[in-house]
Every structure is written in C-alpha cells, then in structure tokens.
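Peer 1: Structure for the following, please:
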Amino acid sequence: MTQAHPGLAAQVLDTLDDAVFTVDHAQRVTLWNRRMAQLTALPAAEVVGRPVFDVMPSWRTTERSSLERALDGQSSLQPAFPLAVTTGRFEATYAPFDAFADEPGALVVVRDVSSSDLARYQLHESDMRFRIMADTAPVLLWMAGTDSECTFFNQPWLTFTGRPLDMELGTGWAEGVHPEDFARCMDYYLAAFVARRAFRMEYRLRRADRQYRWLLDTGVPRFLPTGEFAGYIGSCIDITESKNVRNDLDRRVRERTAELEAFAYSVSHDLRAPLRSIDGFSLALAEDYHAQIDATGQDYLRRVRESAQHMGMLIDALLQLSRVGRSELHVEDCDLSVLARRVVDELRALDPLRDVEVVIPDGIVVEGDPALLRIVLDNLLGNAWKFTGKVERARIELAAVARDHEVVITVRDNGAGFDMANVRKLFGAFQRLHRARDFPGTGIGLATVQRIVNRHGGGIWAEGSPGRGASFSFTLPTRGDDDA
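Peer 2: Numbering: from 1, shown residues only. Purely as a prediction, here's the structure:
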C-alpha cells in the first residue's frame with residue numbers, strides 16, 4: 001500500500017469490493033487499493049508515486065478532463081470507465097479529495113456494473129417482450145395495481161376505445177362503461193378485488209365509433225413470489241355477436257316452448273271429456289251388466305278403466321308441465337323444511353302402513369317460488385317414497401349445502417336406484433327407467449322438476465346405483481349474486 005495514507009483508513013479501503021485510487025495535485029498516484037490492483041493486474045508497490053497517466057496511458061484521452069475537474073473541486077461520473085486488462089462494464093466516480101493538507105487531490109471510485117447492467121437489460125427485454133405480446137394479442141388486456149386503479153392497457157384496448165392511454169389509466173376506462181352496467185360492473189369488480197379472487201363479468205363498453213359493445217371481462221389476481229398481492233391482470237373479448245345470437249335463440253326457444261305448452265294444454269284439456277266418458281260408461285257397464293258379462297269381459301273392462309285413469313294422470317301431468325312454463329315466477333323466502341314435512345305427512349297419510357325414516361333438518365330457507373318448489377318436493381320426495389317401497393328399512397333424507405352464489409338441495413334415498421348409464425334419460429318427458437308394474441308413474445315428474453329448477457336459474461343432476469338408492473340434487477341461486 002501507499003505510504004501517503006497509512007493506518008486504518010487505508011486498511012478499510014483495501015476491504016472494499018469497489019476499486020479505489022487517489023492522486024495528488026500533480027496527478028501522481030497516492031493510493032491504489034487491493035481491488036484496483038486486481039482489476040489492472042498492477043500491484044500498489046509498482047504504481048504509488050508515479051503519474052497516473054504513465055501507469056495507465058490509455059486513460060490520458062478519456063479520463064484527463066474528469067480528473068482535472070476533480071482536482072478543481074468538481075465531482076463527476078464516468079459511465080464507461082475503461083479497463084484494458086479486465087473485461088466487463090465499469091463506471092467511475094470522481095470527487096475532490098483534501099487529505100493532502102493544503103494541496104488539492106482527487107478520489108476515484110471504480111465500480112463493476114456488469115451484473116446490474118445485465119439485470120437492467122433483462123428487465124427491459126422482459127418488459128419489451130410483454131408489450132409486444134400484449135399489443136399483438138387478439139384480446140383487450142389491462143392491468144391494475146394494489147389500489148385497484150388500472151396501470152396498463154394494451155394497444156387493442158386503446159384502438160377499441162379510441163382514447164389515449166393517459167385517459168384510460170386509473171379509473172378513466174370506466175367512463176366508457178354503459179350507464180346501465182356501471183354500478184353493477186364497479187360493485188362486482190371491487191368485491192372481487194377486496195376478496196382477491198378471480199372474476200368473470202359481462203358489461204357494455206363504448207367503442208371508438210360510439211357504439212356500445214358487450215365484453216366478457218376475465219380478471220385474475222397477481223401475487224409476488226413472497227405471496228404479496230400485486231394487483232390484477234385481465235383480458236376482454238367482444239361477445240356482442242354471440243350474445244345477440246344467443247338472445248335470439250333464447251327468444252325463439254321461448255316462443256316455440258310457449259306454442260308447445262299452449263298446444264299441450266289445449267290437447268290435454270280436450271282429452272278430458274272423452275276420457276271421463278270412457279271411464280264412466282265402463283264403470284256403468286261393469287256394474288249394471290255384471291251378471292251378463294263373464295270373467296274375461298270383466299277383466300277387459302277393468303283394464304279399460306285402468307288405462308283411462310292412467311291417461312287422466314298423464315293429462316294432469318301434462319297440464320302441470322305446461323302451467324310451469326307459463327306461470328309467473330314469484331320469488332320470496334321459502335322454508336323448504338316446512339314444505340318437505342307437509343309433503344311427507346301427506347305421503348304417510350296415503351300409505352299409513354309403511355315405516356320410513358325421513359330426515360329433514362330445520363331451517364332450510366331458500367329464495368324461490370313456494371308453489372313451484374312445492375311441486376319439486378312433491379315429485380322428488382314422492383319418487384323417493386315410491387322407490388323405497390320394496391326396501392325393508394327405508395330411509396329418505398333432505399339436505400342443503402351453501403356454496404358460492406347458490407345453495408344445493410339434495411333428496412337422497414336407499415331405494416331401487418338406477419343405472420348411471422341411463423342418467424340422461426331421467427329428465428326427459430315420458431322417459432322411465434323402471435317397469436310400470438314395478439313402480440307406476442307418468443314419466444313426466446322429473447321433466448317438470450327440471451323445468452322449475454331451470455326457471456329459477458338453477459341446475460339439477462342425479463346419482464344412483466341399482467339396488468343402492470339414488471340422490472337428486474338441484475341448485476337455487478342466492479339473492480344479490482346474479483351473474484355480473
């Protein structure tokens with residue numbers, strides 16, 4: 001080490017990862033630390049006391065002005081400091097140094113910035129790749145920070161809205177949301193943001209031509225490797241055409257369904273009179289002419305009456321099915337526990353000799369039309385009662401489970417069950433999986449149940465196994481959680 005700076009300070013400088021050297025007013029080297037010796041392959045003993053530009057002639061052109069400014073009391077930064085012996089990228093900081101009594105000197109700190117440059121380059125390259133992909137993507141992309149305000153929109157978004165980026169950032173984008181969708185859109189977005197959950201919502205956004213278009217917006221939360229929440233990233237696609245097609249198809253289905261229901265109602269109503277005549281005259285014939293008709297004839301009359309009565313049941317079922325589609329929906333809080341117990345009480349009254357264990361928990365309150373939900377329970381509990389008729393220890397259970405935006409209601413039994421290979425036939429009209437002589441019925445009940453559940457915005461499914469029972473589950477949406 002140099003003799004000009006003995007002691008602790010020189011020892012400290014030798015421990016630095018940065019290269020350090022100092023010069024006096026005559027530009028002679030007065031200190032050359034360990035790291036400087038490593039970078040130049042020149043030991044301090046060969047350098048100290050010599051003019052710096054004799055030691056490193058290549059610096060005379062590039063570093064003279066910076067060194068002279070430091071000797072004049074001005075600091076500066078050289079971002080491309082040359083080191084001929086060592087590869088890499090370096091920068092040097094020049095500063096005045098007054099440790100030479102009244103004579104000015106200069107301190108030079110040389111730092112290896114190769115790794116930080118690489119990191120900056122990689123970050124820049126990553127950012128460029130993201131922007132290229134984002135701007136060439138066929139969807140509208142956006143990003144939001146931890147404060148829920150948007151920080152990025154890709155070029156397709158800006159082209160769609162016809163607005164510059166600075167007008168869309170923050171909450172500016174929301175100015176283009178249709179007034180009828182604005183409150184719902186914002187409430188849904190902020191609720192998802194607070195819960196840190198993914199979301200999908202539909203809303204109308206004003207396009208550059210001032211037309212409103214339906215968008216499907218999908219957002220997912222972003223998290224840092226540490227698990228810290230970092231905001232959201234989302235994508236939007238224009239679904240206007242598909243939505244129009246879907247709405248038109250829904251309208252046509254409704255119209256056609258209404259026509260079929262009206263036809264079914266008319267036909268069912270008109271069939272009642274001749275059926276009553278057939279049943280009535282068959283009964284009169286059997287009673288008034290009983291002595292004149294042999295046993296075979298009496299059996300024929302019995303079969304005629306049973307067929308007429310079965311047809312009457314089918315007509316009643318068809319009328320009920322048609323009314324389900326045409327009746328107005330009255331949604332209110334409905335206690336399914338109470339309704340279910342009434343259904344079971346009626347089933348017990350009709351079949352008092354049966355001993356069936358029925359489990360119905362208290363407090364199953366849902367939102368729906370009580371009259372229509374009563375029909376659902378009539379059918380599902382009635383089926384469970386019927387199909388457990390040949391089971392020694394029959395058991396029927398009603399259960400409810402709440403989950404996101406809906407409640408799942410299940411009617412479960414340990415009766416005859418069914419083969420899951422035929423599950424798709426269950427909810428079709430006049431579809432039966434069991435022989436009528438084993439389990440009588442019309443084959444319309446489950447079709448009615450499905451229509452009622454669908455009218456409430458829910459879905460229905462079934463699970464079963466032959467001889468091991470069946471379960472029928474349906475969903476009902478909860479109020480205030482309609483799709484956004």
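
Peer 1: distance between the lengthiest helix in the chain and the chain's centre?
Peer 2: Secondary structure of the chain per DSSP state H: the longest helix is helix 240-288. Mean-position distance between helix 240-288 and its chain equals 40 Å (C-alpha atoms, centre = their mean, to the nearest Å).

Peer 1: Please apply the same query to stretch 22-39.
Peer 2: Computed by C-alpha atoms, centre = their mean, the chain-centroid distance of stretch 22-39 equals 63 Å.

Peer 1: Identify the nearest residue to Asp279 in space, disregarding sequence-adjacent positions?
Peer 2: With C-beta to C-beta, 6 or more residues apart in numbering as the criterion, Asp279 has its nearest non-adjacent residue at 4.2 Å, and that residue is Ala308. C-beta coordinates here come from the backbone N, C-alpha and C atoms, glycine included.

Peer 1: again with Gly458
Peer 2: Nearest residue to Gly458 in three dimensions, chain neighbours excluded: Thr475, at 4.0 Å (C-beta to C-beta, 6+ apart).

Peer 1: Next, that neighbour: phi, psi?
Peer 2: The phi/psi pair for Thr475 (degrees, to the nearest 10) reads phi -110, psi 150.

Peer 1: Can you give the domain ranges for the chain?
Peer 2: 8-112, 118-238, 251-326, 328-484 (automatic domain parsing).

Peer 1: now those domains in CSV, with distance to Asn244?
Peer 2: Putting the domains of the chain into CSV (distance: least, C-beta to C-beta, whole Å) gives the following:
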stretch, distance to Asn244
domain 8-112, 59
domain 118-238, 8
domain 251-326, 11
domain 328-484, 18
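
Peer 1: These: lowest mean pLDDT?
Peer 2: Among the domains of the chain, domain 251-326 carries the lowest mean pLDDT, at a mean of 74.

Peer 1: Pull out the buried positions in stretch 60-78.
Peer 2: 63, 66-67, 69-71, 78 (16 or more other C-beta atoms under 10 Å).

Peer 1: still on that earlier bit, isn't the residue nearest to Asp279 up against Phe281?
Peer 2: No - look at Ala308 against Phe281 with C-beta atoms under 8 Å: they stay out of range, at 9.9 Å.

Peer 1: which of the two has more neighbours?
Peer 2: Using other C-beta atoms under 10 Å as the criterion, Ala308 and Phe281 rank with Ala308 on top: 19 against 14.

Peer 1: What's the first helix or strand after the helix or strand harbouring that one?
Peer 2: For Ala308, the host element (DSSP states H and E) is helix 295-326. Where DSSP H and E defines the elements, the next helix or strand beyond helix 295-326 is strand 332-335.

Peer 1: Following that following strand in sequence, what is the next regular element?
Peer 2: On the C-terminal side of strand 332-335, the nearest following helix or strand under DSSP H and E is helix 336-350.

Peer 1: just to revisit the earlier point, who does the residue nearest to Gly458 bridge with?
Peer 2: With DSSP bridges applied, Thr475 shows beta-bridge pairing to Val408.

Peer 1: how deep is it tucked in, by neighbour count?
Peer 2: Thr475: 20 neighbours (other C-beta under 10 Å).

Peer 1: Can you spell out which helices and strands pack onto the longest helix of the chain?
Peer 2: Applying 3 or more C-beta pairs under 8 Å, 6 or more residues apart in numbering; DSSP states H and E, one finds that helix 240-288 contacts strand 212-223, helix 295-326.

Peer 1: Give me the nearest residue to Tyr212, chain neighbours excluded.
Peer 2: Of all residues not flanking Tyr212 in the chain, Arg204 sits nearest, at 4.1 Å (C-beta to C-beta, 6+ apart).

Peer 1: ok, now Gly234?
Peer 2: That would be Gly219: by C-beta to C-beta, 6+ apart, it lies 3.6 Å from Gly234.

Peer 1: list the contacts for the one you found?
Peer 2: Counting by C-beta atoms under 8 Å, 6 or more residues apart in numbering, Gly219 makes contact with 144, 189, 192, 198-200, 232-234.

Peer 1: Return the distance of it relative to Glu168.
Peer 2: Per C-beta to C-beta, to the nearest Å, Gly219 is found 16 Å from Glu168.

Peer 1: Kindly report the same for Gly363.
Peer 2: Gly363 is 48 Å from Glu168, by C-beta to C-beta.

Peer 1: Which one's more surrounded, the two?
Peer 2: Neighbours were counted for Gly363 and for Glu168 using other C-beta under 10 Å; Glu168 has more, 20 against 9.

Peer 1: ok, and the closest non-adjacent residue to Glu463?
Peer 2: Among residues not flanking Glu463 along the chain, Ser471 sits closest, at 5.1 Å (C-beta to C-beta, 6+ apart).

Peer 1: Next, the buried residues of the helix or strand that contains Glu397.
Peer 2: Glu397 belongs to strand 395-403 when assigned by DSSP H and E. Going by neighbour count (16+ other C-beta under 10 Å), the buried part of strand 395-403 is 395-398, 400.

Peer 1: Then stretch 207-214?
Peer 2: In stretch 207-214, counting by 16+ other C-beta under 10 Å, buried: 207, 212-214.

Peer 1: Not counting its own residues, what contacts that stretch?
Peer 2: For stretch 207-214, contacts defined as C-beta under 8 Å, 6+ apart pick out 159-163, 178, 202-206, 238-240, 243.

Peer 1: what about 7 Å?
Peer 2: With C-beta atoms under 7 Å, 6 or more residues apart in numbering as the test, stretch 207-214 has contacts from 160-162, 178, 202, 204-206, 238-240, 243.

Peer 1: Give me the buried subset of the residues you listed.
Peer 2: Among these, those scoring as buried are 160-161, 202, 204-206, 238, 243 (criterion: 16+ other C-beta under 10 Å).

Peer 1: so which pair among those is furthest apart in space?
Peer 2: Within the buried ones among the contacts of stretch 207-214, Thr161 and Lys243 form the most distant pair, 19.2 Å apart (C-beta to C-beta).

Peer 1: What segments of this structure are helices?
Peer 2: Counting by DSSP H, residue ranges of the helices within the chain are 8-14, 34-40, 44-47, 52-55, 59-71, 114-136, 155-161, 165-168, 179-195, 240-288, 295-326, 336-350, 370-387, 445-455.
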